[in-house]
Each structure stands twice: as C-alpha cells, then as structure tokens.
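Visitor: no sequence on this one, just coordinates:
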C-alpha cells in the first residue's frame, strides 16, 4: 500500500510569488492535515480537510489556504510568499476524523529567497 | 489551551544503553498521545500511540511508552538503543476534535559508539 505522497519534494520561490503544494493520501484515507515545520516554531497545525470540507484551521494568516478534491487529494497554497514561509510542509492522512492514527508524507521543503 | 512539553532538547546515549525520553502534556481530559520519529530530511514516522486502556503501550522498533495520568506524562523508553535510533523524536497530543496534532518541540537523540 503506497504511503502519503507529497510533491514536489523541494521548491525555491521568490518573495511575493505564490506556491501550490500537493498531497496524495493513502488509499482509502479521507482526512488530510497540513503542518508547517520550522526550526524556531517547530511543528504547527495549518488545516485539516475531510470529505472536501475544511474542518479547522490553525493560527496562520489568510495567505495560507487549501482544498481537498473528491479523490481525497489535497493542495495547499501560499500566496505573496514571505521569507518566513521557508519551511518543511508536511501532509498527514488518516482514515477518519478526530485525529485517528495519522501517517505523514516526506514533506515539501520550501525555500523563499 | 493544550500543550506538549519535551524538557530535553538533546540527549546523548551510548549504543546499547537504555533510553527514556520525557513528555509532559497539558489537556483538560484524557488526550490521545503519540510518539513520532523523524530522520533528517524525512517525514514523521509513528512509533506508538495511546488512546485508552492499558497505560503501557508497545510500538515499533522496540519502543514502549507509559501513560501516567497523575503526572500528565507519556515517556518513551527503549531498553537498548542502536545507532540507527539517532533521530528527532516528537511527542504529540490530539484532543479529539478537529484541531490537529499539538507537538512538542522535539528531542534530538545522539547515539555514542
């Protein structure tokens, strides 16, 4: 059974640009969550989607958005990139809601220059 | 607000020695608790989880953890570490809602030969 797949693995963007990251969950999983990992702030919850609906969002500005498709694949978008958005973005999938066992992808390393 | 504290930023252990990584949490009820491991440049791998029931839980790679409600702790243990255990270890809490996982800052484990 394939794991959580995140694309691309690495990305370099310029300040002010926007970026879209993709996450394909484990087959059969309907919940996808996104996290930002930085050396200073650690791992922080961005948002969670279940059945194409955003269930909750962490304490991030509106520049961070996401969506989930009918096949459970998810994308997150960051607009007007800032240097501080440089981070490892991790996607996790789980079968259901309420934080059942979550499986993480390898992440997308975003560097903003 | 819920929180997770991992008091030790770095721990150095000799290969073959026992290991205990500390985790304390703050939450108004009994949470779901997890330990994840992250190797450099990789995503998070779930080592073990506690949802309810037996307070001593067994995980993969020979790890175990004990939930102690009275101490609000969920410490990770391994009787004999291997060089391949060198990694970053994260304790995480889920409150049963849609707020995602709350992570500790992590403990960096160094294995001495």
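Guide: Arrived safely, thanks for sending. None of these values were measured; they are calculated from a predicted model. Numbers count the residues shown, from 1 in each chain, chains lettered A, B, ... in the order given.
Visitor: which residues of chain B lie near chain A?
Guide: B:32, B:34, B:36, B:41-46, B:49, B:90, B:92, B:94-106 (C-beta under 8 Å from any C-beta of the partner chain). In this view, the C-beta of every residue, glycine as well, is placed from N, C-alpha and C.
Visitor: how about a cut-off of 7 Å?
Guide: B:32, B:42-44, B:46, B:49, B:90, B:94, B:96-101, B:103, B:105-106 (C-beta under 7 Å from any C-beta of the partner chain).
Visitor: so how do I select the buried members of those in PyMOL?
Guide: Only the buried entries of those go into this PyMOL selection, using 16 or more other C-beta atoms under 10 Å in any protein chain shown:
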select buried, chain B and resi 32+42+43+44+46+49+90+94+98+99+100+101+103+105+106
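Visitor: which other helices and strands contact the lowest-mean-pLDDT helix or strand in chain A?
Guide: Taking mean pLDDT, DSSP states H and E as the measure, chain A has strand A:53-57 as its least confident helix or strand, at a mean of 91. Applying 3 or more C-beta pairs under 7 Å, 6 or more residues apart in numbering or on different chains; DSSP states H and E, one finds that strand A:53-57 contacts strand A:42-50.
Visitor: check whether the strand it packs on comes near chain B.
Guide: Yes. Strand A:42-50 reaches chain B (C-beta under 7 Å from any C-beta) through A:42-43, A:45, A:48.
Visitor: helix or strand for residue 89, which one?
Guide: Chain wasn't specified; assuming chain A. strand A:87-94 (DSSP states H and E).
Visitor: think we crossed wires, I meant chain B
Guide: strand B:87-94.
Visitor: ok, residues contacting that strand?
Guide: Strand B:87-94 is contacted from outside by A:43, A:99, B:2, B:4, B:6, B:21, B:23, B:25, B:27, B:31-39, B:44, B:74, B:76, B:101-104, B:106-109, using C-beta atoms under 7 Å, 6 or more residues apart in numbering or on different chains.
Visitor: which stretches of chain B have low pLDDT?
Guide: B:96-98 (pLDDT under 70).
Visitor: mind running it again at 80?
Guide: Counting by pLDDT under 80, chain B has low-confidence residues at B:95-99.
Visitor: parallel or antiparallel, list what pairs with the strand holding residue B:89.
Guide: strand B:32-38 (antiparallel), strand B:102-103 (antiparallel), strand B:107-112 (antiparallel) (DSSP bridges).
Visitor: so which of the ones you listed comes closest to residue A:36?
Guide: With C-beta to C-beta as the measure, strand B:102-103 is the member of the strands paired with strand B:87-94 nearest residue A:36 (11.0 Å).
Visitor: which residues in chain B form strands?
Guide: B:3-5, B:10-14, B:19-21, B:24-26, B:32-38, B:44-50, B:56-58, B:64-68, B:73-78, B:87-94, B:102-103, B:107-112 (DSSP state E).
Visitor: chain center to the last one, what's the gap?
Guide: By that I understand strand B:107-112. 14 Å (C-alpha atoms, centre = their mean, to the nearest Å).
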